[in-house]
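1. Below are the sequence and a predicted model for it; my questions follow.
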Amino acid sequence: MLIRLLRAHLLPHRRTLAVLAVLQTVQTLALLYLPALNAALIDDGVLKGDLEHVFRLGGAMLAVTLAQAAGAAVAIRLASRTATAVGRDVRSEVFAKVQELSGGQLARFGTSSLVTRTVHDVQQVQQFTLSACVVLVPVPIMCVGAVALALGHDAPLSATLLVMTPLLGGALALVVRGLRPLSSATQQGVDTTNRILREQITGVRVIRAFVREEHERLRFEAANRGLADLAVRAGRLQTLLLPLSTALVNVFSVAVVWFGAGRVGAGELIAFLAYLTQIVTAVTSGMFVLMTMPRAEACAARIREVLDAEEGFAPPAVPVRALPAKGRVEVSAASFTHPGSLTPALRGVDLVARPGQTTAVIGPTGSGKSTLLALVPRLFDATGGQVLVGGVDVRELDPALLSATVTLVPQRPFLFSGTVASTLRYGTPQATDAELWHALEVAQARDFVRRLDHPVTQGGANLSGGQRQRLTIARALLRRPLIYLFDDCFSALDHDTEAALRAALAEETRGATVVIVAQRVSAVMAADHVVVMDAGRVAGAGTHAELLRDSGVYREIALSQEPA
Ligand SMILES: Nc1ncnc2c1ncn2[C@@H]1O[C@H](COP(=O)(O)OP(=O)(O)OP(=O)(O)O)[C@@H](O)[C@H]1O
């Protein structure tokens, strides 16, 4: 997963990576050359008292060191630029994909998990990319080079290195294997902690109202402790790395001195010890990257899960860009089951809404009214039957045309942070101030909106439920669509405001197709056509008078709402 993800995103940076590989090779070779120069300086210069040799080799060492440092610095800069670019691109791809997911898929992943995957998981992959770019080339060159150079100096003494390298590698690989299961568990732990935190922040009023602070504190603490325990277990394994490598270096340094003292000169012995340290450093930094790999792999798998998720809606192969029947909405024999739900929300539902008319949908709670409305702008696609807008199947309609033709005012209002003006202009950036005031007037929002630059906080939290509903209605009116769908969005308004709003709306939406979902019979009485829903089916259709006469379900609703 990780390799697949990185391969795709590193491909555009192949030129930078090639330069990086050359620089890393040069700087690693320079590092390997230094102990050999040092050995010659000691054995042929210092010990023989040849000062000129000392200066010449000393100068060469300085030049090699400077070249190595410069190469390493540029390489790290390139590596960090590439890793940042990979992180940015993966994040953008995940973000774009999330925008395309259907409601069911969004619910399956969960908001918190999607945020964690887009931000935190991508960060882990980015960090891994950086470390891999830094160590991937130098480690093998360093290991092979140091062993080869040591062999060239004194073959029997090099046996110590040949024994030590796999030993070190094997021990560290065991540590990495132990870390793997902890990594996936950690990512899930981050998800859980984020989800609990999110619920607690958004539900803070409910927590206080039900005096559940202690319960919530314990819930968060349990998740937080779980996450910390995982970190401690991973940390314990990681801390083995340094003592393990240090112990091995020390043991083998003693072995090198022990066996080499009589065999080679002092300079060569020092060079040997330098190669030993270089190998350990290389293997340890390689292992460090391998250690971050399980976590990056777990993150990459979670990212790929989002990227590979089926798109919510297949775009039409040949999109229809004209509406033969303008504002007509026709739902025929539509069925739909929410993903993860056992019972269908809609079973063979028929509805026709015509321009210039108001069609109302009424029914008990959970009878499928919102689901029915959601089929029209393709928030969901019907699993059976057909939905036609302007005489065209919505699945064949150009998505931009569909969204310009249909405006749904949802049951639960949602506002983005900004000002009243930016909120209203969300779908119509070109609307003038005069148009905004007019929309506010129709939506009965002028009594609480004094200024267009009045701030609106995230989700409209600084407004009452009814105020939020009215701003959402004003925002929809500005789009001037052919088809308005109002999903029970007057529920938080008092009787007088609702009546005034309905009267103003009737005037404003004259000629358009209006479909309203309502719970109260008083709200649907004036509609041209009323559809009664019951348990996902149409239980009756007609005018208020016809339904009172013919529909048992409608009569029951009407009776239950009569003042006692
Ligand atoms: N996202 C979802 N996932 C699973 N099931 C869902 C989802 N949304 C709605 N349902 C189910 O589909 C059925 C119809 O829900 P819907 O919201 O359409 O009813 P409604 O008539 O609009 O209800 P209300 O008047 O309470 O708003 C219900 O049984 C509900 O539990």
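-> That came in fine, so what should we check first?
2. all strands of the stretch 251-400 of the chain, in order?
-> 329-336, 346-353, 358-362, 384-389, 392-393 (DSSP state E, counting those that start in this stretch).
3. Check the ones you listed for me and report the most buried one.
-> Of these, the one with the most neighbours on average (mean count of other C-beta atoms under 10 Å) is strand 358-362, at a mean of 25. Placement of C-beta: from N, CA and C, glycine included.
4. That strand close to the ligand?
-> No - for strand 358-362, no contact with the ligand is found by C-beta under 6 Å from any ligand atom; the gap never falls below 8.3 Å.
5. Off-centre distance for that strand?
-> Mean-position distance between strand 358-362 and its chain equals 38 Å (C-alpha atoms, centre = their mean, to the nearest Å).
6. that older thread, could I get the strands of the stretch 251-400 of the chain as a markdown table with mean pLDDT?
-> Shown next, in a markdown table, are the strands of the stretch 251-400 of the chain (pLDDT from 0 to 100):
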| stretch | mean pLDDT |
| --- | --- |
| strand 329-336 | 96 |
| strand 346-353 | 95 |
| strand 358-362 | 95 |
| strand 384-389 | 95 |
| strand 392-393 | 94 |
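7. tell me which parts of the stretch 401-550 of the chain are close to the ligand?
-> Near the ligand, when you scan the stretch 401-550 of the chain using C-beta under 6 Å from any ligand atom, you find 411, 488.
8. do the stretch 101-250 of the chain as well
-> 103, 107.
9. before we move on, the earlier item: could the strands of the stretch 251-400 of the chain go into TSV alongside distance to Ala83?
-> Output for those, formatted as TSV (distance: least, C-beta to C-beta, whole Å):
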stretch	distance to Ala83
strand 329-336	44
strand 346-353	48
strand 358-362	53
strand 384-389	46
strand 392-393	46
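10. OK, contacts around the residue nearest to Met291 when sequence neighbours are not counted?
-> The spatially closest residue to Met291, leaving aside those adjacent along the chain, is Val176, at 5.4 Å (C-beta to C-beta, 6 or more residues apart in numbering). Contact analysis of Val176 by C-beta atoms under 8 Å, 6 or more residues apart in numbering lists 287, 290-291, 293-294.
11. Between which two of the residues you listed is the distance greatest?
-> Met287 and Pro294 (12.2 Å; C-beta to C-beta).
12. So which residues of this protein form strands?
-> 329-336, 346-353, 358-362, 384-389, 392-393, 406-409, 418-419, 455-456, 483-487, 513-518, 529-534, 537-542 (DSSP state E).
13. Okay, now the sheet partners of the first one, with direction.
-> Same thing as strand 329-336. Here strand 329-336 is paired, per DSSP bridges, with strand 346-353 (antiparallel), strand 384-389 (antiparallel).
14. And the fifth one, by the same measure?
-> Partners of strand 392-393 in the sheet, by DSSP bridges, are strand 384-389 (antiparallel).
15. ok, now the third one?
-> Using DSSP bridges, the neighbouring strands of strand 358-362 in the sheet come out as strand 513-518 (parallel), strand 529-534 (parallel).
16. Let me have those in a markdown table, extended by distance to Val211, mean neighbour count and mean pLDDT.
-> As requested, those are exported to a markdown table (distance: least, C-beta to C-beta, whole Å; neighbours: other C-beta atoms under 10 Å; pLDDT from 0 to 100):
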| stretch | distance to Val211 | mean neighbour count | mean pLDDT |
| --- | --- | --- | --- |
| strand 513-518 | 35 | 25 | 95 |
| strand 529-534 | 38 | 24 | 95 |
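17. Any chance of the ones you listed in a markdown table with distance to Val394 as columns?
-> Formatted as a markdown table, the strands paired with strand 358-362 follow (distance: least, C-beta to C-beta, whole Å):
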| stretch | distance to Val394 |
| --- | --- |
| strand 513-518 | 14 |
| strand 529-534 | 19 |
